[in-house]
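In: Below are the sequence and a predicted model; questions follow.
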Amino acid sequence: MVWMGRTSYQKLLREKPSSKGNSTSQVTELNRDRIEIAENPELSLDVQSLKEKLDEHSKQLEQSAEKLSQLE
């Protein structure tokens with residue numbers, strides 16, 4: 001990860017993406033989110049918790065899909 005000074009980080013946060021569909025804008029948004037997460041330990045813990053919940057729900061969804069295919 002590239003380290004950015006506080007000024008660069010604040011400038012990045014102020015920048016508005018030109019188009020939601022623009023892949024460059026999406027990358028900028030992702031990078032901005034990664035920087036914010038890296039600088040905020042509590043947010044990092046929240047993200048980790050959400051990832052764990054997503055993994056759990058994904059497994060449940062996969063199991064449900066398998067059960068459904070067995071019923072068909």
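Out: Sure thing, it's come through.

In: contact partners of stretch 44-59?
Out: 37-38 (Cβ atoms under 8 Å, 6 or more residues apart in numbering). Where C-beta positions appear, they are placed from N, C-alpha and C, glycine not excepted.

In: And it, what's buried?
Out: In terms of neighbour count (16 or more other Cβ atoms under 10 Å), stretch 44-59 has no buried residues at all.

In: what's the average pLDDT for that stretch?
Out: Here stretch 44-59 scores 90 as its mean pLDDT.

In: Please state the offset of that stretch from the chain centre?
Out: 11 Å (Cα atoms, centre = their mean, to the nearest Å).

In: Pull it out as PDB, backbone CA atoms only.
Out: Provided in PDB are the C-alpha atoms of stretch 44-59 (Å, rounded to 0.1, in the frame of the first residue of the first chain):
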ATOM      1  CA  SER A  44     -10.900  -1.900  10.100                       C
ATOM      2  CA  LEU A  45     -12.500  -4.100  12.800                       C
ATOM      3  CA  ASP A  46     -15.900  -3.300  11.500                       C
ATOM      4  CA  VAL A  47     -14.900  -4.200   8.000                       C
ATOM      5  CA  GLN A  48     -13.400  -7.500   9.200                       C
ATOM      6  CA  SER A  49     -16.600  -8.300  11.100                       C
ATOM      7  CA  LEU A  50     -18.700  -7.600   8.000                       C
ATOM      8  CA  LYS A  51     -16.400  -9.800   5.900                       C
ATOM      9  CA  GLU A  52     -16.900 -12.700   8.400                       C
ATOM     10  CA  LYS A  53     -20.700 -12.200   8.300                       C
ATOM     11  CA  LEU A  54     -20.600 -12.100   4.500                       C
ATOM     12  CA  ASP A  55     -18.600 -15.400   4.400                       C
ATOM     13  CA  GLU A  56     -21.100 -17.000   6.800                       C
ATOM     14  CA  HIS A  57     -24.100 -15.800   4.700                       C
ATOM     15  CA  SER A  58     -22.400 -17.000   1.500                       C
ATOM     16  CA  LYS A  59     -21.900 -20.500   2.900                       C
END
